[in-house]
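**Student:** coords please:
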Amino acid sequence: MSLAADHRRTLPSESEAILNALPNPVLLIAPDGKIIDANMAAESFFEISTQFLQRQSLKELVPFGSPLLALIDQVRSSGSPVNEYKVDLGTPRIGGDRQVDLHVAPLTERPGHIVVMLQERTIADKMDRQLTHRSAARSVIALAAMLAHEIKNPLSGIRGAAQLLEQAASSEDRMLTRLICDETDRIVTLVDRMEVFGDDRPVARGAVNIHSVLDHVKRLAQSGFARNIRFVEDYDPSLPPVLANQDQLIQVFLNLVKNAAEAVVDLGSDAEIQLTTAFRPGVRLSVPGKKSRVSLPLEFCVKDNGAGVPDDLLPNLFDPFVTTKPTGSGLGLALVAKIVGDHGGIIECESQPRKTTFRVLLPMFNPTKQFDQSNRDGVTGTPSHASQDSR
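**Tutor:** Prediction:
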(Lines give C-alpha, C1' and ligand atoms only; values in the text may rest on other atoms or scores of the structure.)
Protein backbone atom coordinates (compact mmCIF):
# COMPACT_ATOMS: atom_id res chain seq x y z
CA MET A 1 0.00 0.00 0.00
CA SER A 2 1.31 3.44 -0.92
CA LEU A 3 2.12 6.07 1.71
CA ALA A 4 -0.72 8.25 0.46
CA ALA A 5 -3.17 5.34 0.62
CA ASP A 6 -1.95 4.41 4.11
CA HIS A 7 -2.40 7.99 5.24
CA ARG A 8 -5.96 8.12 3.91
CA ARG A 9 -6.73 4.81 5.61
CA THR A 10 -5.62 6.13 9.04
CA LEU A 11 -7.09 9.62 8.70
CA PRO A 12 -10.60 9.80 10.21
CA SER A 13 -13.28 11.16 7.90
CA GLU A 14 -14.11 13.86 10.50
CA SER A 15 -10.54 15.16 10.28
CA GLU A 16 -10.72 15.24 6.53
CA ALA A 17 -13.94 17.22 6.73
CA ILE A 18 -12.35 19.71 9.13
CA LEU A 19 -9.29 20.15 6.90
CA ASN A 20 -11.43 20.67 3.82
CA ALA A 21 -13.52 23.25 5.67
CA LEU A 22 -10.44 25.39 6.35
CA PRO A 23 -10.12 28.39 3.99
CA ASN A 24 -6.30 28.14 4.08
CA PRO A 25 -4.29 25.67 1.96
CA VAL A 26 -2.77 22.80 3.99
CA LEU A 27 -0.17 20.32 2.67
CA LEU A 28 1.39 17.19 4.20
CA ILE A 29 4.98 16.72 2.99
CA ALA A 30 6.85 13.38 3.13
CA PRO A 31 10.56 13.08 4.12
CA ASP A 32 11.53 12.87 0.43
CA GLY A 33 9.71 16.14 -0.36
CA LYS A 34 6.71 14.50 -2.01
CA ILE A 35 3.22 15.80 -1.29
CA ILE A 36 1.20 13.15 0.53
CA ASP A 37 -2.08 14.96 1.03
CA ALA A 38 -3.76 18.34 0.57
CA ASN A 39 -7.08 19.93 1.45
CA MET A 40 -9.53 21.53 -0.97
CA ALA A 41 -8.14 25.03 -0.38
CA ALA A 42 -4.72 23.78 -1.53
CA GLU A 43 -6.29 22.41 -4.70
CA SER A 44 -7.78 25.83 -5.36
CA PHE A 45 -4.51 27.66 -4.57
CA PHE A 46 -2.35 25.54 -6.89
CA GLU A 47 -5.21 25.04 -9.38
CA ILE A 48 -4.72 21.27 -9.58
CA SER A 49 -6.39 18.28 -7.90
CA THR A 50 -5.10 16.41 -4.86
CA GLN A 51 -4.48 13.34 -7.00
CA PHE A 52 -2.14 15.34 -9.23
CA LEU A 53 -0.50 17.05 -6.24
CA GLN A 54 0.34 13.63 -4.80
CA ARG A 55 2.37 12.82 -7.90
CA GLN A 56 4.63 15.85 -7.48
CA SER A 57 7.39 17.10 -5.26
CA LEU A 58 6.83 20.42 -3.49
CA LYS A 59 9.85 21.96 -5.22
CA GLU A 60 8.08 21.42 -8.55
CA LEU A 61 5.22 23.69 -7.44
CA VAL A 62 7.05 26.61 -5.83
CA PRO A 63 9.61 29.02 -7.32
CA PHE A 64 13.25 27.92 -7.58
CA GLY A 65 15.06 28.54 -4.31
CA SER A 66 11.82 29.32 -2.47
CA PRO A 67 12.22 30.06 1.29
CA LEU A 68 9.51 27.44 1.91
CA LEU A 69 11.94 24.63 1.03
CA ALA A 70 14.53 25.97 3.48
CA LEU A 71 11.88 26.33 6.18
CA ILE A 72 10.85 22.70 5.78
CA ASP A 73 14.49 21.57 6.17
CA GLN A 74 14.82 23.78 9.25
CA VAL A 75 11.67 22.37 10.87
CA ARG A 76 12.68 18.82 10.03
CA SER A 77 16.10 19.26 11.68
CA SER A 78 14.95 21.26 14.72
CA GLY A 79 11.63 19.54 15.35
CA SER A 80 10.03 22.91 16.13
CA PRO A 81 7.39 24.85 14.16
CA VAL A 82 8.43 27.98 12.25
CA ASN A 83 6.46 30.91 10.80
CA GLU A 84 7.55 33.11 7.91
CA TYR A 85 5.65 36.13 6.58
CA LYS A 86 5.22 37.74 3.16
CA VAL A 87 6.81 34.97 1.10
CA ASP A 88 6.20 35.05 -2.67
CA LEU A 89 5.07 31.68 -4.01
CA GLY A 90 3.97 33.05 -7.37
CA THR A 91 4.72 31.11 -10.53
CA PRO A 92 3.60 31.69 -14.13
CA ARG A 93 1.07 28.87 -13.80
CA ILE A 94 -0.71 29.99 -10.62
CA GLY A 95 -0.04 33.72 -10.86
CA GLY A 96 2.97 35.99 -10.73
CA ASP A 97 2.25 37.63 -7.35
CA ARG A 98 1.04 35.23 -4.65
CA GLN A 99 2.35 36.49 -1.32
CA VAL A 100 1.61 34.19 1.62
CA ASP A 101 2.34 33.76 5.31
CA LEU A 102 3.85 30.33 5.97
CA HIS A 103 3.18 28.14 9.02
CA VAL A 104 5.41 25.02 8.96
CA ALA A 105 5.29 22.39 11.72
CA PRO A 106 6.48 18.80 12.22
CA LEU A 107 3.95 15.97 12.38
CA THR A 108 5.08 14.33 15.62
CA GLU A 109 3.14 11.12 14.98
CA ARG A 110 5.09 10.57 11.74
CA PRO A 111 8.81 11.45 12.01
CA GLY A 112 10.14 13.40 9.04
CA HIS A 113 6.69 14.47 7.88
CA ILE A 114 5.89 18.18 7.73
CA VAL A 115 2.58 20.07 7.74
CA VAL A 116 2.55 23.33 5.75
CA MET A 117 -0.26 25.88 6.00
CA LEU A 118 -0.40 28.88 3.66
CA GLN A 119 -2.30 32.07 4.39
CA GLU A 120 -2.60 34.41 1.43
CA ARG A 121 -1.59 37.97 2.16
CA THR A 122 -4.09 39.20 -0.41
CA ILE A 123 -6.95 38.89 2.10
CA ALA A 124 -5.38 41.42 4.47
CA ASP A 125 -4.12 43.56 1.61
CA LYS A 126 -7.61 43.64 0.08
CA MET A 127 -8.87 45.40 3.20
CA ASP A 128 -6.19 48.09 3.00
CA ARG A 129 -6.73 48.64 -0.72
CA GLN A 130 -10.48 48.85 -0.30
CA LEU A 131 -10.14 51.59 2.34
CA THR A 132 -7.85 53.44 -0.06
CA HIS A 133 -10.41 53.15 -2.87
CA ARG A 134 -13.14 54.54 -0.61
CA SER A 135 -10.94 57.45 0.47
CA ALA A 136 -10.11 58.22 -3.16
CA ALA A 137 -13.81 58.09 -4.07
CA ARG A 138 -14.63 60.59 -1.32
CA SER A 139 -11.95 62.94 -2.70
CA VAL A 140 -13.52 62.71 -6.14
CA ILE A 141 -16.96 63.43 -4.64
CA ALA A 142 -15.70 66.72 -3.24
CA LEU A 143 -13.94 67.56 -6.51
CA ALA A 144 -17.03 66.70 -8.55
CA ALA A 145 -19.24 68.97 -6.45
CA MET A 146 -16.78 71.84 -6.86
CA LEU A 147 -16.47 71.32 -10.62
CA ALA A 148 -20.21 71.13 -11.16
CA HIS A 149 -20.82 74.37 -9.28
CA GLU A 150 -17.82 76.45 -10.34
CA ILE A 151 -17.13 75.32 -13.91
CA LYS A 152 -20.36 74.35 -15.69
CA ASN A 153 -21.96 77.79 -15.44
CA PRO A 154 -18.97 79.67 -16.95
CA LEU A 155 -18.70 77.00 -19.66
CA SER A 156 -22.29 77.70 -20.70
CA GLY A 157 -21.41 81.38 -21.10
CA ILE A 158 -18.30 80.57 -23.14
CA ARG A 159 -20.24 78.28 -25.45
CA GLY A 160 -23.03 80.82 -25.91
CA ALA A 161 -20.53 83.56 -26.76
CA ALA A 162 -18.83 81.29 -29.30
CA GLN A 163 -22.17 80.55 -30.98
CA LEU A 164 -22.92 84.27 -31.26
CA LEU A 165 -19.49 84.97 -32.77
CA GLU A 166 -19.98 82.11 -35.22
CA GLN A 167 -22.93 83.85 -36.86
CA ALA A 168 -20.81 86.78 -38.05
CA ALA A 169 -17.49 84.99 -38.45
CA SER A 170 -15.71 84.12 -41.68
CA SER A 171 -15.33 80.50 -42.70
CA GLU A 172 -11.79 80.45 -41.29
CA ASP A 173 -12.86 81.99 -37.95
CA ARG A 174 -15.90 79.71 -37.85
CA MET A 175 -13.54 76.78 -37.50
CA LEU A 176 -12.15 78.38 -34.34
CA THR A 177 -15.59 79.05 -32.85
CA ARG A 178 -16.58 75.46 -33.61
CA LEU A 179 -13.41 74.28 -31.83
CA ILE A 180 -14.39 76.34 -28.77
CA CYS A 181 -17.86 74.77 -28.74
CA ASP A 182 -16.52 71.23 -29.16
CA GLU A 183 -13.96 71.59 -26.39
CA THR A 184 -16.55 73.15 -24.10
CA ASP A 185 -18.91 70.23 -24.72
CA ARG A 186 -16.08 67.79 -23.98
CA ILE A 187 -15.37 69.43 -20.61
CA VAL A 188 -19.08 69.47 -19.72
CA THR A 189 -19.31 65.76 -20.53
CA LEU A 190 -16.36 65.05 -18.23
CA VAL A 191 -17.92 67.08 -15.42
CA ASP A 192 -21.24 65.27 -15.91
CA ARG A 193 -19.47 61.94 -15.50
CA MET A 194 -17.80 63.13 -12.31
CA GLU A 195 -21.13 64.30 -10.88
CA VAL A 196 -22.06 60.63 -10.50
CA PHE A 197 -19.50 60.44 -7.66
CA GLY A 198 -21.37 63.18 -5.82
CA ASP A 199 -24.58 61.17 -5.54
CA ASP A 200 -24.48 60.31 -1.84
CA ARG A 201 -28.04 59.06 -1.46
CA PRO A 202 -28.68 55.61 0.01
CA VAL A 203 -29.48 52.97 -2.60
CA ALA A 204 -32.21 50.38 -2.02
CA ARG A 205 -30.71 46.90 -2.09
CA GLY A 206 -32.27 43.48 -2.07
CA ALA A 207 -31.86 39.93 -3.31
CA VAL A 208 -30.27 39.93 -6.78
CA ASN A 209 -29.58 36.89 -8.97
CA ILE A 210 -26.04 37.54 -10.17
CA HIS A 211 -26.44 35.14 -13.09
CA SER A 212 -29.34 37.22 -14.44
CA VAL A 213 -27.13 40.30 -14.19
CA LEU A 214 -24.21 38.63 -15.98
CA ASP A 215 -26.47 37.20 -18.70
CA HIS A 216 -27.93 40.68 -19.29
CA VAL A 217 -24.45 42.22 -19.47
CA LYS A 218 -23.30 39.48 -21.85
CA ARG A 219 -26.26 40.10 -24.19
CA LEU A 220 -25.57 43.84 -24.22
CA ALA A 221 -21.89 43.25 -24.93
CA GLN A 222 -22.48 40.71 -27.72
CA SER A 223 -24.91 43.04 -29.44
CA GLY A 224 -22.34 45.85 -29.49
CA PHE A 225 -18.71 46.27 -28.46
CA ALA A 226 -18.00 42.53 -27.93
CA ARG A 227 -19.79 41.21 -30.99
CA ASN A 228 -16.86 39.09 -32.22
CA ILE A 229 -15.47 37.98 -28.85
CA ARG A 230 -15.94 34.49 -27.43
CA PHE A 231 -17.52 34.34 -23.96
CA VAL A 232 -16.87 31.46 -21.55
CA GLU A 233 -19.13 31.02 -18.51
CA ASP A 234 -18.18 29.08 -15.38
CA TYR A 235 -21.08 29.55 -12.96
CA ASP A 236 -21.97 27.98 -9.64
CA PRO A 237 -25.72 27.32 -10.14
CA SER A 238 -26.30 26.87 -6.39
CA LEU A 239 -25.09 30.38 -5.53
CA PRO A 240 -27.41 32.29 -3.15
CA PRO A 241 -28.65 35.80 -4.07
CA VAL A 242 -26.32 38.75 -3.58
CA LEU A 243 -27.31 41.74 -1.42
CA ALA A 244 -27.14 44.51 -4.02
CA ASN A 245 -28.85 47.01 -6.29
CA GLN A 246 -29.39 45.30 -9.64
CA ASP A 247 -29.00 48.41 -11.82
CA GLN A 248 -25.72 49.30 -10.16
CA LEU A 249 -24.39 45.75 -10.50
CA ILE A 250 -25.18 45.89 -14.21
CA GLN A 251 -23.21 49.14 -14.40
CA VAL A 252 -20.25 47.53 -12.60
CA PHE A 253 -20.01 44.41 -14.76
CA LEU A 254 -20.81 46.21 -18.01
CA ASN A 255 -17.83 48.47 -17.32
CA LEU A 256 -15.57 45.51 -16.48
CA VAL A 257 -16.67 43.54 -19.57
CA LYS A 258 -16.18 46.61 -21.78
CA ASN A 259 -12.63 47.03 -20.44
CA ALA A 260 -11.98 43.33 -21.07
CA ALA A 261 -13.30 43.63 -24.63
CA GLU A 262 -11.01 46.57 -25.34
CA ALA A 263 -8.06 44.59 -23.93
CA VAL A 264 -8.58 41.66 -26.34
CA VAL A 265 -9.77 43.53 -29.42
CA ASP A 266 -6.46 42.93 -31.27
CA LEU A 267 -6.49 39.14 -30.72
CA GLY A 268 -9.02 38.39 -33.43
CA SER A 269 -10.47 34.89 -33.17
CA ASP A 270 -8.37 34.18 -30.04
CA ALA A 271 -10.12 36.91 -28.03
CA GLU A 272 -11.87 35.48 -24.98
CA ILE A 273 -13.73 36.83 -21.95
CA GLN A 274 -14.54 34.50 -19.07
CA LEU A 275 -17.30 35.15 -16.51
CA THR A 276 -17.17 33.11 -13.30
CA THR A 277 -19.14 32.91 -10.05
CA ALA A 278 -18.20 30.98 -6.92
CA PHE A 279 -18.82 30.70 -3.18
CA ARG A 280 -15.68 31.47 -1.15
CA PRO A 281 -16.29 31.15 2.62
CA GLY A 282 -13.84 32.70 5.05
CA VAL A 283 -13.51 36.23 3.63
CA ARG A 284 -14.71 38.91 6.07
CA LEU A 285 -14.30 42.68 5.85
CA SER A 286 -13.96 45.11 8.75
CA VAL A 287 -16.15 48.09 7.90
CA PRO A 288 -15.00 51.46 9.32
CA GLY A 289 -17.20 52.59 12.21
CA LYS A 290 -18.64 49.11 12.76
CA LYS A 291 -17.61 46.56 15.37
CA SER A 292 -18.90 43.62 13.38
CA ARG A 293 -17.15 42.14 10.33
CA VAL A 294 -19.10 41.70 7.11
CA SER A 295 -18.88 38.31 5.41
CA LEU A 296 -18.08 38.42 1.68
CA PRO A 297 -18.54 34.85 0.46
CA LEU A 298 -19.70 35.59 -3.10
CA GLU A 299 -16.95 35.89 -5.72
CA PHE A 300 -17.61 37.14 -9.26
CA CYS A 301 -14.82 37.41 -11.81
CA VAL A 302 -14.34 38.93 -15.25
CA LYS A 303 -11.25 37.46 -16.94
CA ASP A 304 -9.64 38.19 -20.29
CA ASN A 305 -6.63 36.93 -22.24
CA GLY A 306 -5.37 40.36 -23.27
CA ALA A 307 -1.94 41.92 -22.83
CA GLY A 308 -2.54 42.71 -19.16
CA VAL A 309 -2.25 45.84 -17.01
CA PRO A 310 1.20 47.47 -16.74
CA ASP A 311 2.85 46.73 -13.39
CA ASP A 312 3.33 50.42 -12.59
CA LEU A 313 -0.41 51.12 -12.94
CA LEU A 314 -1.74 48.04 -11.16
CA PRO A 315 -1.47 49.33 -7.53
CA ASN A 316 -3.44 52.50 -8.40
CA LEU A 317 -5.76 51.10 -11.04
CA PHE A 318 -8.96 52.06 -9.17
CA ASP A 319 -7.84 55.59 -8.36
CA PRO A 320 -9.46 58.47 -10.28
CA PHE A 321 -7.79 59.57 -13.53
CA VAL A 322 -5.63 56.42 -13.76
CA THR A 323 -6.13 54.75 -17.15
CA THR A 324 -4.36 52.50 -19.64
CA LYS A 325 -6.27 54.00 -22.59
CA PRO A 326 -4.77 56.86 -24.64
CA THR A 327 -8.12 58.67 -24.72
CA GLY A 328 -9.57 57.40 -21.43
CA SER A 329 -10.69 59.67 -18.58
CA GLY A 330 -9.74 57.24 -15.80
CA LEU A 331 -13.14 57.48 -14.12
CA GLY A 332 -14.72 54.15 -15.13
CA LEU A 333 -12.89 51.88 -12.68
CA ALA A 334 -13.00 54.55 -9.97
CA LEU A 335 -16.79 54.53 -10.27
CA VAL A 336 -16.80 50.71 -10.19
CA ALA A 337 -14.73 50.78 -6.98
CA LYS A 338 -17.13 53.32 -5.45
CA ILE A 339 -20.21 51.21 -6.23
CA VAL A 340 -18.60 48.02 -4.92
CA GLY A 341 -17.42 49.86 -1.80
CA ASP A 342 -20.90 51.29 -1.22
CA HIS A 343 -22.19 47.71 -1.29
CA GLY A 344 -19.69 46.78 1.45
CA GLY A 345 -17.63 44.70 -0.98
CA ILE A 346 -14.13 44.43 -2.40
CA ILE A 347 -12.78 44.67 -5.94
CA GLU A 348 -9.26 43.77 -6.98
CA CYS A 349 -7.27 43.10 -10.12
CA GLU A 350 -4.66 40.43 -10.78
CA SER A 351 -2.89 40.77 -14.11
CA GLN A 352 -0.20 39.17 -16.19
CA PRO A 353 0.11 38.71 -19.94
CA ARG A 354 -2.78 36.64 -21.34
CA LYS A 355 -4.48 36.41 -17.93
CA THR A 356 -6.15 39.42 -16.30
CA THR A 357 -8.77 38.91 -13.60
CA PHE A 358 -11.07 41.50 -12.03
CA ARG A 359 -12.48 39.91 -8.87
CA VAL A 360 -15.52 41.28 -6.99
CA LEU A 361 -16.39 40.01 -3.51
CA LEU A 362 -19.86 40.87 -2.17
CA PRO A 363 -22.13 39.90 0.76
CA MET A 364 -24.97 37.49 0.19
CA PHE A 365 -28.61 38.29 0.85
CA ASN A 366 -29.88 37.05 4.22
CA PRO A 367 -33.70 37.38 4.36
CA THR A 368 -33.93 37.23 8.17
CA LYS A 369 -31.05 39.61 8.80
CA GLN A 370 -32.17 42.13 6.20
CA PHE A 371 -35.76 42.10 7.48
CA ASP A 372 -34.58 42.75 11.05
CA GLN A 373 -32.22 45.52 9.89
CA SER A 374 -34.98 47.16 7.84
CA ASN A 375 -37.28 47.21 10.86
CA ARG A 376 -34.60 48.84 13.02
CA ASP A 377 -34.04 51.50 10.36
CA GLY A 378 -37.75 52.13 9.91
CA VAL A 379 -37.71 50.93 6.31
CA THR A 380 -40.34 48.66 4.82
CA GLY A 381 -39.91 46.47 1.78
CA THR A 382 -36.24 47.02 0.93
CA PRO A 383 -33.09 46.44 2.96
CA SER A 384 -31.34 49.52 4.34
CA HIS A 385 -28.29 50.57 2.38
CA ALA A 386 -27.14 53.05 5.00
CA SER A 387 -26.85 50.36 7.68
CA GLN A 388 -23.73 48.90 6.05
CA ASP A 389 -22.55 51.97 4.15
CA SER A 390 -18.87 52.57 4.64
CA ARG A 391 -18.96 56.31 4.13
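**Student:** Please make it C-alpha for all contacts and neighbour counts, starting now.
**Tutor:** Noted.
**Student:** got any ranges where the stretch 251-391 of the chain has weak pLDDT?
**Tutor:** By pLDDT under 70, the weakly predicted segments of the stretch 251-391 of the chain are 282-294, 320-330, 368-391.
**Student:** what does stretch 33-49 contact?
**Tutor:** Outside stretch 33-49, the residues that touch it by Cα atoms under 8 Å, 6 or more residues apart in numbering are 3-4, 7, 16, 19-30, 50, 53-59, 61, 94.
**Student:** For that stretch, give the mean pLDDT please.
**Tutor:** The pLDDT scores in stretch 33-49 average 86.
**Student:** Kindly report the same for stretch 71-83.
**Tutor:** 89.
**Student:** In it, which residues are buried?
**Tutor:** 71-72, 74-76, 79, 81-82 (16 or more other Cα atoms under 10 Å).
**Student:** what ranges do the helices span in this protein?
**Tutor:** According to DSSP state H, the chain carries its helices in the segments 3-10, 13-21, 40-46, 50-53, 67-78, 122-150, 152-168, 171-195, 210-222, 246-264, 332-342, 367-377.
**Student:** one step back: distance to Pro154 for the buried residues of stretch 71-83 - can I get that in JSON lines?
**Tutor:** Formatted as JSON lines, the entries for these read as follows, by distance: Cα to Cα, whole Å:
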{"residue": "Leu71", "distance to Pro154": "66"}
{"residue": "Ile72", "distance to Pro154": "68"}
{"residue": "Gln74", "distance to Pro154": "70"}
{"residue": "Val75", "distance to Pro154": "71"}
{"residue": "Arg76", "distance to Pro154": "74"}
{"residue": "Gly79", "distance to Pro154": "75"}
{"residue": "Pro81", "distance to Pro154": "68"}
{"residue": "Val82", "distance to Pro154": "65"}
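**Student:** Can you name the two of these that sit furthest apart?
**Tutor:** The span of the buried residues of stretch 71-83, defined through Cα to Cα, is set by Leu71 and Gly79 at 11.4 Å.
**Student:** Can you read off the pLDDT for Thr91?
**Tutor:** Checking the pLDDT column for Thr91, the value is 69.
**Student:** The residue located most distally from the centre of the chain and Thr184: what is the separation?
**Tutor:** Ranked by distance from the centre of the chain (Cα atoms, centre = their mean), the top residue is Ala168, with 55.2 Å. When distance is defined by Cα to Cα, to the nearest Å, Ala168 is 20 Å away from Thr184.
**Student:** Excluding chain neighbours, what is closest to Arg98?
**Tutor:** In space, not counting the residues next to it along the chain, Arg98 is nearest to Gly90; the distance is 4.5 Å by Cα to Cα, 6 or more residues apart in numbering.
**Student:** from what I can see the one you found touches Phe64, true?
**Tutor:** No: between Gly90 and Phe64 no contact is recorded; they are 10.6 Å apart, counting by Cα atoms under 8 Å.
**Student:** what about the two, which has more around it?
**Tutor:** Applying other Cα atoms under 10 Å to Gly90 and Phe64 shows that Gly90 carries more neighbours, namely 18 against 11.
**Student:** Now do that one against Gly306, distance only.
**Tutor:** Summarising the geometry, the distance separating Gly90 from Gly306, computed by Cα to Cα, is 20 Å.
**Student:** Please apply the same query to Gln74.
**Tutor:** With the distance defined as Cα to Cα, Gln74 ends up 42 Å from Gly306.
**Student:** and if you look at Arg110?
**Tutor:** If you go by Cα to Cα, the gap between Arg110 and Gly306 works out to 47 Å.
**Student:** Which one of the two is surrounded by more residues?
**Tutor:** Set side by side, Arg110 and Gly306 give different neighbour counts by other Cα under 10 Å, the larger being at Gly306 (24 against 10).
**Student:** and the more buried one, what does it touch?
**Tutor:** Contacts were defined as Cα under 8 Å, 6+ apart; by that measure Gly306 touches 260, 263-264, 267, 271, 353-356.
**Student:** Closest one of those to Ile180?
**Tutor:** Checking the contacts of Gly306 one by one against Ile180 (Cα to Cα), the nearest turns out to be Ala263, at 32.7 Å.
**Student:** and the residue farthest from the centre of the chain, how far is that from Leu361?
**Tutor:** For Ala168 relative to Leu361 (Cα to Cα), the value is 58 Å.
**Student:** For Leu118, the count of nearby residues, please.
**Tutor:** For Leu118, the neighbour count with other Cα under 10 Å is 23.
**Student:** Let me know the distance separating it from Arg359.
**Tutor:** From Leu118 across to Arg359, the span is 21 Å (Cα to Cα).
**Student:** ranges for the strands of the stretch 251-391 of the chain?
**Tutor:** With DSSP state E, counting those that start in this stretch applied, the stretch 251-391 of the chain shows strands at 272-279, 284-286, 293-295, 298-304, 346-352, 355-362, listed in chain order.
**Student:** now the last one, how far from the centre of its chain.
**Tutor:** The one in question is strand 355-362. The gap between where strand 355-362 is centred and where its chain is centred comes out at 3 Å by Cα atoms, centre = their mean, to the nearest Å.
**Student:** Partner strands of it and their direction?
**Tutor:** strand 298-304 (antiparallel), strand 346-352 (antiparallel) (DSSP bridges).
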